[in-house]
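A.B. asks: Structural data only, the sequence is not supplied:
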């Protein structure tokens, strides 16, 4: 019996050249870092997320300056129909979707007996259900093309739990289960589905969290970083959006084809304990 193989070529400076990527939650933070890495690797990108119109216009112009086509879709991923339309709109406009990154997410922290039901619902809708709806919309075209790369940005909390984060931990565990299931279903169609599981990543939101936590707990900046945020990360350093972007480019590129259904921890050793 003959088994399908993929002929590999030498790495290139633009491994995603000509590909079309949709990246959710990509107007800031991790999503923006991934979008920038994709643009540098040659991919055309549909970005999506929150932001003032002027800021988004400047962002799209900045990314387009890397020599690729950038468009913005304001789809509200809290709504199932809008999440699916984000993908169908990209296919209608570009005739294809090669790469889908589900990154958009929100967080809320509270004891479970005090956890607001509306916050639970919102976190499940954006962190988990939106990924289902975008994948469901993208898979038929990826299968028909014989190529697709789905990357779900999960979390160390897809692998381990922390107190007071019931909704987030449940959603991220769900994302990992979704990732594995899609990987199995599409494995013979040239489509891979993987999850990146970062610990704390250096972003503007984390920077703000440091200052807020320092004021709330009466700690200095160094104490918050060492004893609160990075308490579980043995490396005692934040991951960077550039590191996540580089990993996403590899998974989306020609040499990532045999990585499928994986939960790749980028957490400084957090989940190795």
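C.D. replies: Arrived safely. All values reported here derive from a predicted model rather than from experimental measurement. Residues are numbered from 1 along each chain as shown.
A.B. asks: For the helix or strand hosting residue 88, name the packing helices and strands.
C.D. replies: Using DSSP states H and E, residue 88 maps to helix 80-94. For helix 80-94, the elements it packs on are strand 20-23, strand 44-47, helix 130-145, judged by 3 or more Cβ pairs under 8 Å, 6 or more residues apart in numbering; DSSP states H and E. In short, each C-beta sits where N, CA and C put it, glycine included.
A.B. asks: now it: mean pLDDT?
C.D. replies: Helix 80-94 comes out with an average pLDDT of 98.
A.B. asks: go on, stretch 229-248?
C.D. replies: Average pLDDT, stretch 229-248: 95.
A.B. asks: next one: stretch 51-63
C.D. replies: Along stretch 51-63, the predicted confidence averages to a pLDDT of 97.
A.B. asks: okay, now the domains of this structure?
C.D. replies: Partitioning the chain according to automatic domain parsing yields domains covering residues 20-200+239-266, 202-237.
A.B. asks: ok, the closest residue to residue 159 other than its chain neighbours - how many residues close by?
C.D. replies: The spatial neighbour of residue 159 that comes closest, neighbours along the chain excluded (Cβ to Cβ, 6 or more residues apart in numbering), is residue 271 at 4.6 Å. When neighbours are counted by other Cβ atoms under 10 Å, residue 271 registers 17.
A.B. asks: Was I right to think residue 271 contacts residue 155?
C.D. replies: No. Between residue 271 and residue 155 there is no contact under Cβ atoms under 8 Å: 10.0 Å.
A.B. asks: Contacts for stretch 158-166, please.
C.D. replies: The contact list for stretch 158-166 (Cβ atoms under 8 Å, 6 or more residues apart in numbering) reads 107, 109-112, 115, 120, 157, 169, 172-173, 175-176, 195, 197, 232, 263, 265, 270-271.
A.B. asks: Now with 6 Å, please.
C.D. replies: 109, 110, 111, 112, 115, 169, 172, 173, 175, 176, 197, 271 (Cβ atoms under 6 Å, 6 or more residues apart in numbering).
A.B. asks: What of stretch 28-35?
C.D. replies: By Cβ under 6 Å, 6+ apart, the residues outside stretch 28-35 that reach it are 23, 25-26, 45, 47, 101, 103, 201, 203, 241, 244-245, 248.
A.B. asks: Single out the most deeply packed of the domains of the chain.
C.D. replies: Using mean count of other Cβ atoms under 10 Å, the stretch among those with the greatest mean number of neighbours is domain 20-200+239-266 (a mean of 20).
A.B. asks: Check whether residue 15 sits in a helix, strand or coil.
C.D. replies: coil (DSSP: H, G, I helix; E, B strand; the rest coil).
A.B. asks: show me what contacts it?
C.D. replies: With contact set as Cβ under 6 Å, 6+ apart, residue 15 has these partners: 41, 253.
A.B. asks: The chain should start at 101 in everything you say after this.
C.D. replies: Sure, I'll start numbering at 101, so the last one becomes residue 115.
A.B. asks: So it versus residue 187, what's the distance?
C.D. replies: 23 Å (Cβ to Cβ, to the nearest Å).
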